[in-house]
Structure formats: structure tokens, C-alpha cells
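Q: This is the structure alone, sequence omitted:
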């Protein structure tokens with residue numbers, strides 16, 4: 001019995017160490033992944049073509065506000081389109097009256113066209129701008145610069161006038177929300 005125990009104890013120590021086999025599945029998947037990556041890289045490189053030209057990459061540097069073409073900028077003028085426009089809005093769940101002044105920036109040569117638009121279509125202009133404010137979401141009316149509201153008003157005025165380039169910008173110097181509850 002004692003001899004069996006000692007023989008059993010010697011067997012593991014004297015047995016040759018088995019080499020661990022590398023997992024062939026992991027190596028196979030890793031190899032395929034690398035081959036695919038190299039294949040995709042060369043395929044994209046071959047079919048992508050040359051890089052696209054970037055706008056403004058003319059190699060010349062211009063100061064801020066300077067016209068890159070050297071042309072004199074057109075003279076613009078501000079024109080009061082609607083003053084003291086009061087429009088209700090209850091989209092927030094509470095009734096607010098918005099007291100607005102709406103000015104437009106137009107080219108000096110096109111000011112008579114806007115004056116004519118103001119006199120001949122005053123009701124349509126007032127109605128359309130009031131409709132925009134009435135339908136506006138509260139977060140649009142709470143923007144610091146009222147950018148969305150200005151853009152919607154400019155689009156509406158362009159539609160009414162029939163000339164999308166007539167009005168360069170819409171200015172809203174006064175927009176006061178007044179609780180009407």
C-alpha cells in the first residue's frame with residue numbers, strides 16, 4: 001500500500017509537461033477580422049477618390065467684415081413694419097399677450113417696395129405675423145435672440161411680397177410677454 005502511494009506521488013512529478021494548445025477558434029476569428037479590416041481599408045481607399053475641394057480655400061485671408069470679392073457692400077436701411085402689435089398666445093397653458101415691434105432690414109433701393117407692401121397689404125402682413133406668434137411654442141417665444149420667430153416672420157413676409165430676397169433680416173426690438181389671466 002505504501003508503495004502504491006509513493007508510486008502515485010511520483011507519477012505526476014515525473015510525467016512530461018503537456019504543452020497547452022492555443023485556442024484555434026480564437027486565432028481563426030482574429031485572423032479573419034484582421035484580413036477583413038485590411039480588405040475594407042484598401043477597398044475604401046480605392047473607391048473613395050480624391051478629397052473634395054473645400055469652400056473658401058482660395059489661399060487668401062480676409063479681415064472680418066471685409067468683402068472677399070472687393071465689391072462695395074450694399075447700403076441697407078431699417079424700416080418699421082409693425083409697431084405695438086399685441087398678440088395672444090396660450091400654448092403654455094396660461095394666456096399671455098405678446099407686445100411686439102417688428103422692423104425689417106432692406107436694401108436702400110428697395111425701401112419703396114416695402115413701404116408700398118406695408119400700406120397696400122397691412123392687414124395681411126399683420127394677420128400673418130400675428131398667426132405666427134399665436135401658433136408659436138413657448139420655448140420659441142422664450143429664446144434669447146428670437147431666432148426662430150424672426151426666421152418664420154421673414155419667410156412669411158417673403159411669401160406675401162413674392163420676392164424671397166426683398167427682406168434681408170427681421171428685427172424684433174421689443175417682445176414683452178404680459179400675463180392676461
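A: Thanks, I have it. What you see is a predicted model; the values in this text were computed from it and never measured.

Q: Going by residue numbers, what spans are helices in this structure?
A: Secondary structure of the chain (DSSP state H): helices located at 2-14, 24-48, 111-120, 122-135, 138-141, 147-161.

Q: Output the ones you listed in TSV; the columns should cover distance to residue 95.
A: In this view, the C-beta of every residue, glycine as well, is placed from N, C-alpha and C. Supplementary listing: the helices of the chain in TSV, determined by distance: least, CB to CB, whole Å:
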stretch	distance to residue 95
helix 2-14	90
helix 24-48	58
helix 111-120	29
helix 122-135	11
helix 138-141	12
helix 147-161	19
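
Q: Mean neighbour count, these: which tops it?
A: helix 147-161 (a mean of 17; mean count of other CB atoms under 10 Å).

Q: and that one with helix 111-120, angle?
A: Between helix 147-161 and helix 111-120, the angle formed by their directions is 90 degrees, by axes from the mean of the first three to the mean of the last three CA atoms, to 10 degrees.

Q: Now find how far off-centre helix 147-161 is within its chain.
A: 18 Å (CA atoms, centre = their mean, to the nearest Å).

Q: now do stretch 35-46
A: 33 Å.

Q: Just the mean pLDDT for it, thanks.
A: Per-residue confidence for stretch 35-46 averages out to 93 on the pLDDT scale.

Q: Check stretch 152-166 too.
A: Here the average pLDDT along stretch 152-166 is 91.

Q: Quick one: residues in contact with it.
A: With contact meaning CB atoms under 8 Å, 6 or more residues apart in numbering, stretch 152-166 is reached by 81, 102, 104, 106, 110, 113-114, 117, 121, 124-125, 128-129, 132, 136, 167, 169-170, 172.

Q: gap between that stretch and the chain center?
A: Taking mean C-alpha positions (CA atoms, centre = their mean), stretch 152-166 and its chain are 22 Å apart.

Q: roughly how far apart are residue 38 and residue 47?
A: Distance of residue 38 to residue 47, given as CB to CB, to the nearest Å: 15 Å.

Q: any weak-confidence spans in the protein?
A: Counting by pLDDT under 70, the chain has low-confidence residues at 1-22, 55-73.

Q: switch to 90 and redo it
A: Scanning the chain for pLDDT under 90 picks out 1-27, 45-76, 79, 91-93, 108, 117-118, 161, 163-166, 180-181.

Q: check contacts around the nearest residue to residue 88 once chain neighbours are set aside.
A: Leaving aside its chain neighbours, residue 88 sits nearest to residue 97 (5.5 Å; criterion: CB to CB, 6 or more residues apart in numbering). When the contact criterion is CB under 8 Å, 6+ apart, the partners of residue 97 are 86-89, 177-178, 180.
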